[in-house]
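Predicted model, plus sequence, below.
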Amino acid sequence: MTTTLVTPTSVAPDVFLQEAIDLAVTNISEGGRPFGAVVVKYGRVISRGVNEINLSNDPTAHAEMQAVRAASQVLQSPLLEGCTVYASGHPCPMCLAAMRMAGISEVTYAFTNREAEPYGLSTAAIYEELGMTTSLRHLRLVHVPPEITGQHPYEAWANARGIPATAFS
């Protein structure tokens, strides 16, 4: 078994959140959905993931799941203690459960389910149907509203399909 060492560095968390957003926007042009995620440990990117549901026909191929799977391979462990996930959108219940099971203690996300709703991208109804809340005892969820420097990923996704956001309301 090979050991992967991760050397700490000091990079502002905003940089990682912006990277997740950039991955989401880029993924749209490749036929994917507008979601990106980055797994960070000790201030270094361990892995990246984008939503590949449409490309792989795999309903579990969410950005966070892809990033967690890749991080487990890089670190050669299913336990990702000490890692933080930065996600472009609010993680769904499946992704939260996987991150919790992997030992991830914090997830920072840019866009809320309320912001995703007009585009048909919210998972709030799934939370409600499962009787779940987004407050978990061992996984800290942090919403950090981003300062959009380019195109909003959800708007870009709707525009790429020629659908106005109001069509989803």
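Arrived safely, thanks for sending. Numbering: from 1, shown residues only.

Break down the protein into its strands, ranges please.
Residue ranges of the strands in the chain, as given by DSSP state E, are 36-41, 44-50, 83-89, 106-111, 140-143.

can you list contacts of the second one?
Read that as strand 44-50. Strand 44-50 is contacted from outside by 6-9, 11, 16, 19, 23-24, 26-27, 30, 32, 35-40, 62-71, 73-75, 83, using CB atoms under 8 Å, 6 or more residues apart in numbering. No exception for glycine: its C-beta is placed from N, CA and C like everyone else's.

which of those count as buried?
6, 16, 19, 23-24, 27, 32, 35-40, 62-71, 74-75, 83 (16 or more other CB atoms under 10 Å).

What ranges does this structure have for its helices?
Secondary structure of the chain by DSSP state H: the helices cover 13-29, 53-56, 63-75, 93-101, 113-116, 124-130, 153-160.

average pLDDT for the second one?
Averaging the model's pLDDT scores along helix 53-56 yields 94.

For residue 109, which non-adjacent residue is spatially closest?
residue 87 (4.4 Å; CB to CB, 6 or more residues apart in numbering).

Where does pLDDT dip in the chain?
Confidence mapping of the chain against pLDDT under 70 gives the ranges 1-10, 133-137, 165-169.

Nearest the geometric middle of it, what residue?
Taking CA atoms, centre = their mean as the criterion, residue 87 is the residue nearest the geometric centre of the chain, at 3.0 Å.

Wait, residue 42 touches residue 82, no?
Yes. With contact defined as CB atoms under 8 Å, residue 42 counts as touching residue 82 (7.1 Å).

returning to what we had before: from residue 118, how far out is the residue nearest to residue 109?
Taking CB to CB, to the nearest Å as the measure, residue 87 falls 19 Å from residue 118.

Turn the strands of the chain into TSV, columns for distance to residue 122.
Shown next, in TSV, are the strands of the chain (distance: least, CB to CB, whole Å):
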stretch	distance to residue 122
strand 36-41	17
strand 44-50	19
strand 83-89	9
strand 106-111	10
strand 140-143	14
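
Contact partners for residue 105?
Here residue 105 is in contact with 81-82, 84, 138-140 (criterion: CB under 8 Å, 6+ apart).

Can you tell me which of the helices of the chain is most buried?
Sort these by mean neighbour count, taking mean count of other CB atoms under 10 Å, and helix 63-75 sits at the top with a mean of 22.

Kindly export it (C-alpha atoms) in PDB.
Taking Å, rounded to 0.1, in the frame of the first residue of the first chain, the C-alpha atoms of helix 63-75 are listed here in PDB:
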ATOM      1  CA  ALA A  63     -20.300  16.200  -8.300                       C
ATOM      2  CA  GLU A  64     -19.800  15.600  -4.600                       C
ATOM      3  CA  MET A  65     -20.000  11.800  -5.000                       C
ATOM      4  CA  GLN A  66     -17.400  11.900  -7.800                       C
ATOM      5  CA  ALA A  67     -15.100  14.100  -5.800                       C
ATOM      6  CA  VAL A  68     -15.400  11.900  -2.700                       C
ATOM      7  CA  ARG A  69     -14.800   8.700  -4.800                       C
ATOM      8  CA  ALA A  70     -11.700  10.300  -6.300                       C
ATOM      9  CA  ALA A  71     -10.400  11.500  -2.900                       C
ATOM     10  CA  SER A  72     -10.700   8.100  -1.500                       C
ATOM     11  CA  GLN A  73      -8.600   6.700  -4.300                       C
ATOM     12  CA  VAL A  74      -6.000   9.400  -3.900                       C
ATOM     13  CA  LEU A  75      -5.700   9.000  -0.200                       C
END
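
Appreciated, that's everything.
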